[in-house]
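Novice: got a predicted structure plus its sequence, pasted below:
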Amino acid sequence: MGIFRMHSLVSNLKQMIKVHNKRQSDVPKGHLVVYVGEIQKKRFIVPLSYLNQPLFQDLLRKSEEEYEFNHPMGGLTIPCHEAIFVNLTSRLSIS
């Protein structure tokens, strides 16, 4: 994926996050809501800084391939096992 396409992906996500977070009063500034899971979706609140992390960007690419920007939960949906997501985000929070 080219740099331009990743920049476009991140820009589109930031727009979607602004709209979605306005409706979510429990989302702290500088964070976003993601729904994770293949069948049963679980809601997570993660820092916006994750958008700049290559591992998180890989998950976003997979999400874009599966859902484009029409997310069934109304927010960003990441189609992976919850355990994989928790493992990845725990590695991001330490680095």
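Specialist: That came in fine, so what should we check first? Residues are numbered from 1 along each chain as shown.

Novice: which parts of the chain are helices?
Specialist: Taking DSSP state H to define them, one finds helices in the chain at 3-22, 54-67, 82-94.

Novice: how far away is the nearest residue in space to Y50 that is not next to it in sequence from L32?
Specialist: Leaving out its chain neighbours, the residue that sits closest to Y50 by CB to CB, 6 or more residues apart in numbering is F56, at 4.3 Å. Heads up, the C-betas are built off the backbone N, CA and C, glycines and all. Remark: distance between F56 and L32 (CB to CB, to the nearest Å) = 11 Å.

Novice: ok, these two, which is more surrounded?
Specialist: Remark: of F56 and L32, L32 carries more neighbours, 23 against 20, as counted by other CB atoms under 10 Å.

Novice: is the more buried one in a bridge, and if so with what?
Specialist: V46 (DSSP bridges).

Novice: I figured it hits I45, correct?
Specialist: Yes. Counting by CB atoms under 8 Å, L32 does reach I45; the two are 7.3 Å apart.

Novice: what about the closest residue to L59 other than its chain neighbours, how many neighbours?
Specialist: In space, and not counting its chain neighbours, L59 is closest to I78: 5.2 Å by CB to CB, 6+ apart. Residues near I78, counting by other CB under 10 Å, number 24.

Novice: how about N52?
Specialist: N52: 11 surrounding residues under other CB under 10 Å.
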